[in-house]
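Enquirer: Just a sequence and a predicted model for now, questions to come.
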Amino acid sequence: MTAVEIVDAELVDDEDRALPVLAERPPAFRPVVDRHTMLRPGQAVPTEADAPTYSEADFRISQETADQLDDAPPANTSRTYGSAEGQFRDWCARQGRVAVPCTTATFVEYVAHLIREDKSPSTIQVAMSAIRSVHPDDKQPGRREARQLVQKHSRERARRKTTRKAPPIRSAALSAMVATCTAVDPPEQPKALRDAALLTVGWGMLSRRSELANLLIEQLTVEDDGVTVHVAFSKTDQAAAGEDTFIPADPDDPAVCPVVCARAWLEELRRQGITSGPLFRQITRGGNVRPRSGPRGDFLSPDAIGDVVKARAELAGLPDPSNVTAHGLRRGPAQEISEAGGDPTAQGRWKPGSNTVQKHYVEPARDKASNPLHAVRAKARAQGNS
C-alpha cells in the first residue's frame, strides 16, 4: 500500500482567491510640444506637469485697468469698429447666425453681402478687421476666401467707378481762404483768428486733421523765423514717441505767415485767460471760447476741423467747395514741395521711404517735369522761331 502524505489544507471561497492588489501606476503626463518646439541636448521633453497651476486671480483685471483698456484705442477707430461690429451683429441676428464666435462660413457670407451692397473695398476691409478683433485669437474666422472675394470686387469696382480724391489746397487757395479771416466784425474776430492759425499752421506742417485737433498750446513754439510744432502722436506714431515739425515764417506774405497767425491766436487765447491746454477750441457767436464737456472736453474734434476748412473754402469761393476737406491742407503743400524738387516725407511725418509719398507726390511731380511732350513742344517752338 502506497504511503500518502497528508498535507493540511484549507478550503477557501472563490472570492477570496483574488491576487493581491498592486499599486496603480501613476498616469503619464502628456508632452506639451508642437512642430515649433526645439529641445537642446539633454533637455527633457516638457509635459503638462511642468505647467503652472492657475487660479482665478491669474485671469482677473481691476476695474481701473478695464477702463484703461476701453480708452486705449483711438476714438475714431473705436467708433468705426464699433459701428462695423454692430452692423455685423444685426445682420447675424436677422440671418439666425451666431455672431461671436462666428464660423468662417458666416464671415464669408457677410463679406459677400457687403459686396452685393457695393460697399467700397476699404469699408469691407474695416468690417473684416472689426469682426475679427472681437474674437479670441484661437477662434477668429478664416479670411482667405473673404480676401479673394474682396480682391475680385476691387477689380470689378475699379472698372465701374473712379475714386475722387479731396482736392489739394495749394498756395493760392490757402491765401484766398485766409483772406476770409480778415476785416470781420468784432464778434467774429476770435473765430477768424483761430481759423487763420488753423489753416496756416495746418498747411505748413502738412497736418492730418487729427493732429490739428489734438494740439496743445504747450506744443507750439513760436519764434521770429518760424513755428515749431511738437506732434505728440499721429497715425504713423501710435506709440506716441513724438516728433517736432518746423514751419518756416513767410516774411514776404504776412497774411499767410504761420508766425503772424499763430501769435495772433495765442494772444487772443491769453486775452480770454487761456494759456494751456487745447490749442483749437469751440467759439460762441459772441466770440468767447466755450468750455465743453464730453469725451473730448475742450478739444475740437477732427470732424470740426474739417468743418472749419470747408466753411472757409465756401467763403473764399473755391471751385467745388463741397469737395474740399481738411486733407487738402496735407495734399496741397505735399504736391508743391514735390514739384519744387523736394521730398515731403519728413515735413508730413510719413514713414521714411513711404510708398504713398513716392506714388502720389514725388513720382507724379517728376513725371510731369520730365514728360517727353515738353521736349516735343520746345523743339516746335524753336523751329517756329528760326
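Expert: Structure's in. What do you need?

Enquirer: And the residue nearest the centre of this protein?
Expert: Nearest to the centroid of the C-alpha atoms of the chain, with distances taken as CA atoms, centre = their mean, sits Lys235, at 5.3 Å.

Enquirer: Surely it touches Arg208?
Expert: Yes. Assessed by CB atoms under 8 Å, Lys235 is found in contact with Arg208 at 6.1 Å. All C-beta atoms are positioned from the backbone trio N, CA, C, and that covers glycine.

Enquirer: Let me see the contact set for Leu174.
Expert: Under the criterion of CB atoms under 8 Å, 6 or more residues apart in numbering, the neighbours of Leu174 are Leu199, Thr200, Trp203, Val256, Gly332.

Enquirer: what's downstream of the helix or strand in which it is found, the next helix or strand?
Expert: If you go by DSSP states H and E, Leu174 is part of helix 171-179. For helix 171-179, the following helix or strand on the C-terminal side (DSSP H and E) is helix 189-204.

Enquirer: give me every residue that touches the nearest residue to Thr345 once chain neighbours are set aside.
Expert: Excluding the flanking residues, the one nearest Thr345 by CB to CB, 6 or more residues apart in numbering is Val357, at 5.0 Å. Residues near Val357 by CB under 8 Å, 6+ apart: Ala334, Asp343, Pro344, Thr345, Gly348, Trp350.

Enquirer: Apply 7 Å and report the result again.
Expert: Going by CB atoms under 7 Å, 6 or more residues apart in numbering, Val357 touches Pro344, Thr345, Trp350.

Enquirer: So the first one: helix, strand or coil?
Expert: What that stands for is Pro344. Classification of Pro344 using DSSP: H, G, I helix; E, B strand; the rest coil returns coil.

Enquirer: Run through the helices of the chain in chain order.
Expert: 63-71, 75-95, 104-116, 121-133, 144-160, 171-179, 189-204, 209-213, 258-271, 302-315, 328-339, 355-357, 363-369, 372-385 (DSSP state H).

Enquirer: Now render the ones you listed as a markdown table, adding mean pLDDT.
Expert: As requested, the helices of the chain are exported to a markdown table (pLDDT from 0 to 100):
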| stretch | mean pLDDT |
| --- | --- |
| helix 63-71 | 83 |
| helix 75-95 | 85 |
| helix 104-116 | 95 |
| helix 121-133 | 93 |
| helix 144-160 | 93 |
| helix 171-179 | 97 |
| helix 189-204 | 97 |
| helix 209-213 | 94 |
| helix 258-271 | 97 |
| helix 302-315 | 95 |
| helix 328-339 | 94 |
| helix 355-357 | 88 |
| helix 363-369 | 83 |
| helix 372-385 | 84 |
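
Enquirer: Would you tell me which one of these is buried the most?
Expert: Mean neighbour count (mean count of other CB atoms under 10 Å) peaks for helix 189-204 among these, with a mean of 25.

Enquirer: contacting residues around that one?
Expert: With CB under 7 Å, 6+ apart as the criterion, helix 189-204 contacts 169, 174, 177-178, 181, 184, 212, 227, 229, 247, 256, 258, 261-262, 264-265, 268, 280, 283, 287, 308, 312, 329, 332-333.

Enquirer: Next: stretch 64-72.
Expert: With CB under 7 Å, 6+ apart, stretch 64-72 has no contacts at all.

Enquirer: same deal with stretch 377-384?
Expert: Contacts of stretch 377-384 (CB under 7 Å, 6+ apart): none.

Enquirer: Just the CA trace of that stretch, in PDB.
Expert: Written as PDB, here are the backbone C-alpha positions of stretch 377-384 (Å, rounded to 0.1, in the frame of the first residue of the first chain):
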ATOM      1  CA  ARG A 377       6.900 121.300 -77.800                       C
ATOM      2  CA  ALA A 378      10.200 123.000 -77.100                       C
ATOM      3  CA  LYS A 379      11.500 121.800 -80.400                       C
ATOM      4  CA  ALA A 380       8.400 123.000 -82.200                       C
ATOM      5  CA  ARG A 381       8.800 126.500 -80.600                       C
ATOM      6  CA  ALA A 382      12.500 126.600 -81.600                       C
ATOM      7  CA  GLN A 383      11.600 125.700 -85.200                       C
ATOM      8  CA  GLY A 384       8.900 128.300 -85.300                       C
END
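
Enquirer: Show the contacting residues for the closest residue in space to Tyr361 that isn't next to it in sequence.
Expert: Once flanking residues are discounted, Tyr361 sits nearest to Ser338: 4.2 Å by CB to CB, 6+ apart. Ser338 makes contact with Pro344, Tyr361, Val362, Ala365, according to CB under 7 Å, 6+ apart.

Enquirer: Take the residues you listed and write them to CSV, including distance to Leu39.
Expert: Below are those laid out as CSV (distance: CB to CB, whole Å):
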residue, distance to Leu39
Pro344, 52
Tyr361, 53
Val362, 51
Ala365, 57
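
Enquirer: Could you single out the nearest of these to Lys139?
Expert: Comparing the contacts of Ser338 against Lys139 with CB to CB picks out Tyr361 as the nearest, at 42.1 Å.

Enquirer: Thought Gln335 was touching that closest one, still the case?
Expert: Yes. Counting by CB atoms under 7 Å, Gln335 is a contact partner of Tyr361 at 6.0 Å.

Enquirer: Between these two, which contacts overlap?
Expert: By CB under 7 Å, 6+ apart, no residue touches both Tyr361 and Gln335.
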